[in-house]
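Sequence and predicted structure, then a few things I'm wondering about:
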Amino acid sequence: MVANSLIELDRDHLIHSVTSWSDHERRGVTVLQSGQGVYLTDIEGRTLLDAFSGLWCVNVGYGRQSIVDVAAEQMGRLPYATGYFSFGSEPAIRLAARLAELAPGDLNHVFFTLGGSDAIDSAIRFIRYHSNVTGRPEKKHLIALDKGYHGSSSTGAGVTGLANFHRDFDLPFAFQHHIPAPYPYRSEHQVDDAAIITASVRSLHDKVAEIGADKVAAFFCEPIQGSAGVIVPPRGWLKAMREACTELGILMVADEVITGFGRTGPLFGCEHEGVVPDLMTMAKGLTAGYSPMGAVMMTDGFYEAMRDGTKAGLPIGHGLTYSAHPVSAAVGLEVLRLYTEEGIVANGQKVGALFERRLATLADHPLVGDIRSRGMLAGVELVTSKALKTKPAPSLGLSEHLSQAGYRNGLIFRAFADGIVGFAPPLCCTEDEIELIVGRFRKTLDDVMDIKEIRDAVE
């Protein structure tokens, strides 16, 4: 009765993110009731292994009592402190300092947000301000990757390179541009990493030349494109793009909202190639999903140009009521401690290597066209013809079948609409839990192959 009541209340009142509202009303909500470790329990008592960490974020797993304790203590002592009027709180100050210590290079300055979307939006505002106060008012255009995801704010969604975030929202804006993603599986240079990298660098140069070098302010990219279906570029790509940005005189913004905090192995995805961006955005793993928080980090040079370019006595007019929230900051400090002192990141590195090896065993399945992974972040691209790399026809409803079969098998993952499956297991997974994820997913693929329409479509 309680479950039915909640389903009806949800149907009547709660708007869900990035979903078909009419489809959701017909389907009804799945109510999650509790979580412990890598497992979730729904309101009907089903236990599910969460191989997607909520939404790429619950890196330390559910039910971490130490996080609950620091949040409760901070909430009892000082539940809120504004960052306006030169006020602050100890947790926020210490978290900013700790992030500066851990981040690459001279990314020493932090503006806290509520999540990834407003971190991107803040970065865009800072970039525009930076161009103005450094005497380059025409330098406002932004370039990003096709299929990239940079949030769904009114401005940031235009930097995102996914059609669902543009359609009927009048996006992207005229100052927002995209170049092709480095997508090895669907590239004409599939087996040639150097050619893929060269093509990306050339695309960036060509786009800057098309717009005008004096008009392009920044290039946005994820070290790995998460919402694109986990597109893993060739090693060396990120460094080459950093070098191209420097050569072209444009800023590089690394969006580490998904890849940050151990998701791909090191604490930040940029560390794989020793890259220091001018700005870095983060969220998700910053608090492991236990409370809302994101951040923009900026280098000394970028920060100082904004500071020194602003007339004394004038505020830099960007702020958020809940920026540097003390409870979220306290949570962030404890989560960082778990990553570094309690071995969560080290565990993720160990089981991430196993995860990559075990996922590779799925390559023999009739539906599997491509498997790509780095650490505890992976995508499995499904096709109906391995030889032709044929995407499943939308009429097959493959993503819905996958989600339903996975749920029956006690496994949560992300089934993208175009036949790609995303995985982002908690970094605290054991080796046995990794084996369970891969085993349950193979069973899910087999169950989907038992559907006549899908079986008949596979060549």
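Received the coordinates, thanks.

so is the residue lying closest to residue 48 once chain neighbours are set aside in a helix, a strand, or just coil?
The shortest distance from residue 48 to any non-neighbouring residue, by Cβ to Cβ, 6 or more residues apart in numbering, is to residue 40 (4.8 Å). In this view, the C-beta of every residue, glycine as well, is placed from N, C-alpha and C. Of the three states, residue 40 takes strand under DSSP: H, G, I helix; E, B strand; the rest coil.

what's the answer for residue 98, then?
Three-state call for residue 98 (three-state DSSP): helix.

Quick check: the residue nearest to it when sequence neighbours are not counted vs residue 274, distance?
Distance criterion Cβ to Cβ, 6+ apart; nearest residue to residue 98, sequence neighbours excluded, is residue 336 at 5.8 Å. Distance, residue 336 to residue 274, by Cβ to Cβ, to the nearest Å: 22 Å.

Ok, residue 184 next?
22 Å.

Near the residue nearest to residue 98, how many other residues are there?
24 (other Cβ atoms under 10 Å).

Domains in this structure, by residue range?
Using automatic domain parsing, the domains assigned to the chain come out as 31-63+343-457, 66-340.

of all those, which lies closest to residue 18?
With Cβ to Cβ as the measure, domain 66-340 is the member of the domains of the chain nearest residue 18 (7.0 Å).

before we move on, back to that, give the contact list for the residue nearest to residue 98.
95, 98-99, 102 (Cβ atoms under 8 Å, 6 or more residues apart in numbering).

Quick check: of these, which has the highest neighbour count?
Busiest of these [other Cβ under 10 Å] is residue 95, holding 28 neighbours.

returning to that earlier point: want to throw the domains of the chain into a markdown table with mean pLDDT and distance to residue 24?
Formatted as a markdown table, these follow (pLDDT from 0 to 100; distance: least, Cβ to Cβ, whole Å):
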| stretch | mean pLDDT | distance to residue 24 |
| --- | --- | --- |
| domain 31-63+343-457 | 97 | 12 |
| domain 66-340 | 97 | 15 |
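
Make CSV out of those and add distance to residue 21.
CSV is the format used below for the domains of the chain (distance: least, Cβ to Cβ, whole Å):
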stretch, distance to residue 21
domain 31-63+343-457, 16
domain 66-340, 13
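
For residue 17, which of these is the nearest?
Going by Cβ to Cβ, the one of these nearest residue 17 is domain 66-340, 7.9 Å.

what's the offset of the closest one from the middle of its chain?
11 Å (Cα atoms, centre = their mean, to the nearest Å).

Determine how far the last residue of it lies from the first.
Domain 66-340 has an end-to-end distance of 15 Å (Cα to Cα, to the nearest Å).

Contact partners for the closest residue to residue 138 other than its chain neighbours?
Excluding the flanking residues, the one nearest residue 138 by Cβ to Cβ, 6+ apart is residue 215, at 5.3 Å. Listed by Cβ under 8 Å, 6+ apart, the contact partners of residue 215 are 138-141.

how close does residue 215 get to residue 209?
Counting by Cβ to Cβ, the gap from residue 215 to residue 209 is 11 Å.

can you pull out the strands in the stretch 1-150 of the chain?
In the stretch 1-150 of the chain, the strands defined using DSSP state E, counting those that start in this stretch lie at 32-36, 39-42, 47-50, 107-113, 141-145.

Of those strands, which stretch is the most buried?
strand 141-145 (a mean of 26; mean count of other Cβ atoms under 10 Å).

in its sheet, what does it sit against?
Here strand 141-145 is paired, per DSSP bridges, with strand 176-179 (parallel), strand 216-221 (parallel).

Would you mind giving the secondary structure of the closest residue in space to residue 117 that isn't next to it in sequence?
The shortest distance from residue 117 to any non-neighbouring residue, by Cβ to Cβ, 6+ apart, is to residue 151 (3.1 Å). Using three-state DSSP, the structure places residue 151 in coil.

Can you report how many residues neighbour residue 151?
As a burial measure, residue 151 scores 24 neighbours (other Cβ under 10 Å).

Ok, residue 66 next?
Counted by other Cβ under 10 Å, the residues lying close to residue 66 total 13.

separation between it and residue 72?
According to Cβ to Cβ, residue 66 and residue 72 sit 11 Å apart.

Equivalent analysis for residue 155, please.
The gap separating residue 155 from residue 72 is 36 Å, by Cβ to Cβ.

Looking at the two now, which is surrounded by more residues?
Applying other Cβ under 10 Å to residue 155 and residue 72 shows that residue 155 carries more neighbours, namely 20 against 12.

how close does that one get to residue 125?
8 Å.

still on that earlier bit, surely the residue nearest to residue 48 meets residue 63?
No: using Cβ atoms under 8 Å as the test, residue 40 is too far from residue 63 to be in contact (10.5 Å).

residues touching residue 251, list them.
Taking Cβ under 8 Å, 6+ apart as the test, what residue 251 contacts is 127, 130, 217-219, 245, 278-279, 302.

for the strands of the stretch 1-150 of the chain, which one sits closest to residue 298?
Within the strands of the stretch 1-150 of the chain, the stretch nearest residue 298 is strand 107-113; the backing value is 4.9 Å (Cβ to Cβ).

Next, residue 225: phi, psi?
As for residue 225, its main-chain torsions (degrees, to the nearest 10) stand at phi -80, psi 100.

Leaving out chain neighbours, which residue sits closest to it?
Nearest one to residue 225, counting by Cβ to Cβ, 6+ apart, is residue 231 at 4.1 Å.

residue contacts, residue 301?
By Cβ under 8 Å, 6+ apart, residue 301 lies in contact with 106, 278.

tell me which element it falls in.
When elements are assigned from DSSP states H and E, residue 301 belongs to helix 300-308.

Following that helix in sequence, what is the next regular element?
Sequence-wise, the next helix or strand downstream of helix 300-308 (DSSP H and E) is helix 326-340.

tell me the angle of that following helix relative to strand 107-113?
Computed by axes from the mean of the first three to the mean of the last three Cα atoms, to 10 degrees, the angle separating helix 326-340 from strand 107-113 equals 130 degrees.

Now helix 326-340: buried residues?
326-336, 338-339 (16 or more other Cβ atoms under 10 Å).

what's the answer for stretch 444-457, then?
By 16+ other Cβ under 10 Å, the buried positions in stretch 444-457 come out as 444-445, 447-449, 454, 457.

so which of those comes closest to residue 13?
residue 444 (32.3 Å).

roughly how far is stretch 27-42 from the heart of the chain?
Distance of stretch 27-42 from the chain centroid (Cα atoms, centre = their mean) equals 21 Å.

Kindly export that stretch (C-alpha atoms) in CSV.
The C-alpha trace of stretch 27-42 is given here as CSV (Å, rounded to 0.1, in the frame of the first residue of the first chain):
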residue,chain,number,x,y,z
ARG,A,27,5.8,3.4,-16.0
GLY,A,28,5.8,4.7,-12.5
VAL,A,29,8.7,5.3,-10.2
THR,A,30,11.0,2.7,-8.7
VAL,A,31,11.4,3.7,-5.0
LEU,A,32,14.7,3.0,-3.4
GLN,A,33,14.5,2.5,0.3
SER,A,34,18.1,1.9,1.7
GLY,A,35,21.7,1.2,0.8
GLN,A,36,24.6,-0.6,2.3
GLY,A,37,28.0,-1.1,0.7
VAL,A,38,27.5,-1.6,-3.0
TYR,A,39,23.9,-2.8,-2.6
LEU,A,40,20.5,-1.0,-2.7
THR,A,41,17.2,-2.2,-1.5
ASP,A,42,13.9,-1.0,-3.1
